[in-house]
Structures are given as C-alpha cells and as structure tokens.
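Visitor: Predicted model and sequence follow; I will ask about them next.
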Amino acid sequence: MLILSIESSCDETSLALLEGTIDPKLGFYKQVNQFKIVNSLISSQIDIHKQYGGVIPEIGARSHAEQIHILLKDLLSKVVDPQSNSFYLSQNEINYLSKLDYIFVTTEPGLVSALRVGREFAKTLQFFIHQLSGNFVEISSVNHLRGHIISSLYNMGEVVDDINIFPHLHLLVSGGNTQLILLRSPDDAEIIGQTLDDASGECFDKIGRMLGFSYPGGVWLAKTAGLEKYNKFDLPISMKGKPSFNFSYSGLKTACKYILQDPEIADFKFEERLSDLEVSDLVSNNIDNNTKLSFIRDFSISAQAVIVQQLVNQTKRAIKKYNPTTIGVSGGVSANSLLRKELGMVCGNLKLFKPHISLTGDNAVMIGLAGVSKLF
Ligand code: KG4
C-alpha cells in the first residue's frame, strides 16, 4: 500500500510517502511500525514568522500554497527521478503518483486557512491523477492530534516486537495543545485533562520572547536551560493540590512578566531582542561574568523547571489513578530533554514511548501513520 500524506495545519508544510501492508494478524503497535518512510520533507515557516514574533495565519497560508507543489516535486524526484531538474513532474513521477492507494491529509485542528491549502492540494492531485491515469485515489481526513500520538509509537520502520500498549496514557504537548489522554483502545480516547489557558509550548514561547529570544522562543529557552533544574525566582507551579488533571500557565506567565518588568530585578530591557552572539553564548553556556546573560540563563532554567514540573506532576497523578499499561509523550515540547528525563523517572518500569526527535514537531509522517491506523 502506497500512501501520500499532507500536513499544513500551522507553520510547517510537510509531505511524506509511506509504504506498508495491512495485516489483520498484527497488533496495533506492530502494524504501525510495519509502515516504512519512503521519503518525507518538511518546509518550515519559522524564518517568515519570526519577524512578527508569532504565526500570522494569512501569511502562513500563502506560504503553504507557494511551497506545497515544490515539495511534492522534491519528494517524488528523490524517489523516482533523482536526475530530473525540471520544475514540473516527469512522466515517471506521474506514473508513480498514479500508484497511490490513499492520500491522507490533516483537516483538524489547526489554522483554517492553512488547513484548506492541504485539503485543496489533495483534491487537485486526486483530480489530476484520475485524469491522467484513470486511477481514483481515495482522500481521507486525519486529526492532527491523532498524528502526534501515533508519532510516539513509531520506531522509524525498525522491526519491533508486538506489545499490547493499551490502556495507554498519553501526554500531548505542543504549541497549540496540552492534554492528558487515556486511550483504552485505538478508537476509545478520553481527554482526562487539558490546559485551561495557554498550551505548554505557547508558554515556553511567550516566556522566551519576554527574555528576548526570537520565535519560537521556547526552543532557545530550552536550549539555554539544558538539563539544569532549579527555581531561583520562586516561579509558581500551577494546579498543585487540585483534584483535576488540567493544566494552567497563565499564572506563571504573569509572574514572569512582573519579575522581568521590574528594573530592580531584571536589569535589561524587557522583550528587547537578543543578538545572535548573545543567543549563541547562552546556548553554549559561555557567559563568564556577563550579568545580563547570567540572569537570562537562571530565568530560563527556572521557567523550564516549573513548566516541566507541572506536566510531570499531572502525569504522575494520572498514572496513579488510571494504572495504564504504557505511557506516551508527543508534540513539539516532547523534544524537551528535561521533560523526557523527568517523565522517564516518573514512569519507572512502565514503558514510555517518545517520538524520534525528527517527528516531535509537525510532520506528514505522523499524518500518514495516523491515516493508515484508521484502516486496521
Ligand atoms: O508540535 P508543534 O511543532 O506545533 C504544534 O502542533 O503546535 O510544537 C511547536 C512548539 C513550539 O511552541 C515550540 O517552542 C515547542 O513546540 N518546542 C519546545 C522544544 N522544541 C519545540 N518546547 C520546549 N522544549 C523544546 N526542546
């Protein structure tokens, strides 16, 4: 079975080709891993959006529309016609496309104008493949969050032993979502907790921005903090002692703002962009006696520590209550080294599934896998 998958829900345009067979005898985990990546590409819009400090949906949608057909040509030429340097598809590439069994495309959740580009592209491809070859390729909609969850189970096509993963407790942490989900089976998912305000990635990014990092500030803040863990500024860890499994980051964000706006505490201009050299010194911990950079480093470590601690606290409590067989973590924030380490400790003997680093952010591989998982 040959699959083309399309992701365009936010600020990454991504396409992937996957190949595998559906075998009803296999369990869910092994079946997911039976699919191999033929090729996958991601075109990030970070350089476009960073000048505005965040994603501008209309500009993002235009960029998806400009990039998506270029990406298809690159995706196919690497597999079918590496010598081809034409802007257009070669006959071999068209023949290859006509062998597709399914096109899986993200249709929710995400930015409406961005999602529309992926959906329209899928329909246009379907139309032309039919015109040119008579083959009718089925299009199927995929939920982006299902994609993130499945990304954690995927072993990059390595052979794996089949294991029963259910009930599976999953922490989904991205730029737009923070949820704890209990999956009793592939199609029985209950959201047992979610953020009441910002997503954890959004909180990372907003605090990163306050410190002067460019978009997405969370990535630079995390690189600066590394695996260090202390809370020098006594930043609050929300939801402590609450009975629910929800998350909240607005209190932390406000606390950070007050501290950083106070000239007696933070002796630098709030939200003023850091230079590339300053960021590079922070990331490599080359700060010597620079008081501004020392402050930013301590603040990054403290902010990361409390964001991660809240995620870990709620996951720990959910493990106790729901007694899952396996745990998973996914989404952009699942790339965070401290979170991976701390969750590993909380899981003890329970297996913790983490996506390959290349699959933590938005990507079409996970959309293809989530699409095929609807077929078994
Ligand atoms: O999953 P994703 O690519 O997009 C959404 O679907 O939302 O997640 C992007 C988010 C951004 O907020 C980014 O700052 C955050 O993931 N992120 C990180 C790290 N890498 C990416 N946050 C903390 N630590 C990281 N290492």
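Guide: Nice, I can see it. This is a predicted model, so every value here is computed, not measured.

Visitor: So for residue 21, what's the pLDDT?
Guide: Residue 21 carries a pLDDT score of 96 in this model.

Visitor: do residue 37 as well
Guide: So residue 37 comes in at 98 (pLDDT).

Visitor: Phi first, then psi, for it.
Guide: phi -80, psi 120 (degrees, to the nearest 10).

Visitor: Quick check: it vs the ligand, distance?
Guide: 18 Å (CB to the nearest ligand atom, to the nearest Å). The C-beta positions use only the backbone N, C-alpha and C, and glycine is treated the same way.

Visitor: From the structure, what's the count of residues near that residue?
Guide: 19 (other CB atoms under 10 Å).

Visitor: Let me see the contact set for residue 293.
Guide: 278, 281, 282, 287 (CB atoms under 8 Å, 6 or more residues apart in numbering).

Visitor: go again using 10 Å as the cut-off
Guide: With contacts taken as CB atoms under 10 Å, 6 or more residues apart in numbering, residue 293 has the following neighbours: 224, 268, 274, 278, 279, 281, 282, 285, 286, 287.

Visitor: Give the next helix or strand downstream of the one helix or strand residue 318 maps to.
Guide: Here residue 318, judged by DSSP states H and E, is contained in helix 291-322. Next helix or strand after helix 291-322 toward the C-terminus (DSSP H and E): strand 326-330.

Visitor: who does that following strand pair up with?
Guide: strand 168-173 (parallel), strand 351-353 (parallel) (DSSP bridges).

Visitor: Of all those strands, which one is nearest the ligand?
Guide: strand 168-173 (7.6 Å; CB to the nearest ligand atom).

Visitor: what's the distance between the closest one and the middle of its chain?
Guide: 13 Å (CA atoms, centre = their mean, to the nearest Å).

Visitor: Give me the angle between the helix or strand following that strand and helix 291-322.
Guide: Note on strand 168-173: by DSSP H and E, the next helix or strand toward the C-terminus is strand 178-185. Using axes from the mean of the first three to the mean of the last three CA atoms, to 10 degrees, one finds that strand 178-185 and helix 291-322 are set 30 degrees apart in direction.

Visitor: which secondary structure elements does strand 178-185 contact?
Guide: helix 144-153, strand 168-173, strand 188-194, helix 200-211, helix 291-322, strand 326-330 (3 or more CB pairs under 10 Å, 6 or more residues apart in numbering; DSSP states H and E).

Visitor: Mind putting these into JSON lines with distance to residue 45 and mean pLDDT?
Guide: Listed next are the helices and strands packed on strand 178-185 as JSON lines, based on distance: least, CB to CB, whole Å; pLDDT from 0 to 100:
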{"stretch": "helix 144-153", "distance to residue 45": "16", "mean pLDDT": "98"}
{"stretch": "strand 168-173", "distance to residue 45": "21", "mean pLDDT": "98"}
{"stretch": "strand 188-194", "distance to residue 45": "26", "mean pLDDT": "97"}
{"stretch": "helix 200-211", "distance to residue 45": "14", "mean pLDDT": "97"}
{"stretch": "helix 291-322", "distance to residue 45": "24", "mean pLDDT": "97"}
{"stretch": "strand 326-330", "distance to residue 45": "21", "mean pLDDT": "98"}
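
Visitor: nearest to the ligand, of the ones you listed?
Guide: helix 200-211 (2.7 Å).

Visitor: Contacts (any at all) between the ligand and the closest one?
Guide: Yes: using CB under 6 Å from any ligand atom, helix 200-211 reaches the ligand at 201, 202, 204, 205.

Visitor: In contact with residue 162, which residues?
Guide: With CB under 10 Å, 6+ apart, residue 162 has these contacts: 25, 26, 27, 28, 29, 30, 31, 33.

Visitor: now do residue 342
Guide: 227, 229, 305, 308, 309, 311, 312, 313, 315, 316, 336.

Visitor: now residue 115
Guide: 6-10, 61, 64, 105-109, 141, 144.

Visitor: Backbone torsions only: list them for the nearest residue to residue 79 once chain neighbours are set aside.
Guide: Nearest non-adjacent residue to residue 79, counting by CB to CB, 6 or more residues apart in numbering: residue 39, 5.1 Å away. Residue 39 adopts backbone torsions of phi -170, psi 150, taken as degrees, to the nearest 10.

Visitor: Point me to the helix or strand that includes the residue of the stretch 1-150 of the chain found nearest the ligand.
Guide: Taking CB to the nearest ligand atom as the measure, the stretch 1-150 of the chain has residue 10 as its residue closest to the ligand, at 5.4 Å. For residue 10, there is no enclosing helix or strand under DSSP H and E.

Visitor: Verify the stated contact: residue 118 with residue 60.
Guide: No: between residue 118 and residue 60 there is no contact, the gap being 11.9 Å when judged by CB atoms under 10 Å.

Visitor: Give the residues shared as contacts by the two.
Guide: With CB under 10 Å, 6+ apart as the test, residue 118 and residue 60 both reach 8, 9, 13.

Visitor: picking up where we left off before, ok, so of the contacts of residue 342, who is nearest residue 160?
Guide: residue 315 (23.6 Å; CB to CB).

Visitor: Whether the worst-scoring helix or strand of the chain on mean pLDDT contacts the ligand - can you check?
Guide: Lowest on mean pLDDT, DSSP states H and E among the helices and strands of the chain sits helix 46-49, with a mean of 92. No: on the criterion CB under 6 Å from any ligand atom, helix 46-49 is out of touch with the ligand, staying 9.7 Å away.

Visitor: What score does the one residue in the chain that gets nearest to the ligand have for pLDDT?
Guide: Here the chain gets closest to the ligand at one residue, residue 332, 2.0 Å apart by CB to the nearest ligand atom. pLDDT, residue 332: 97.

Visitor: Dihedrals phi and psi, it?
Guide: phi -50, psi -40.
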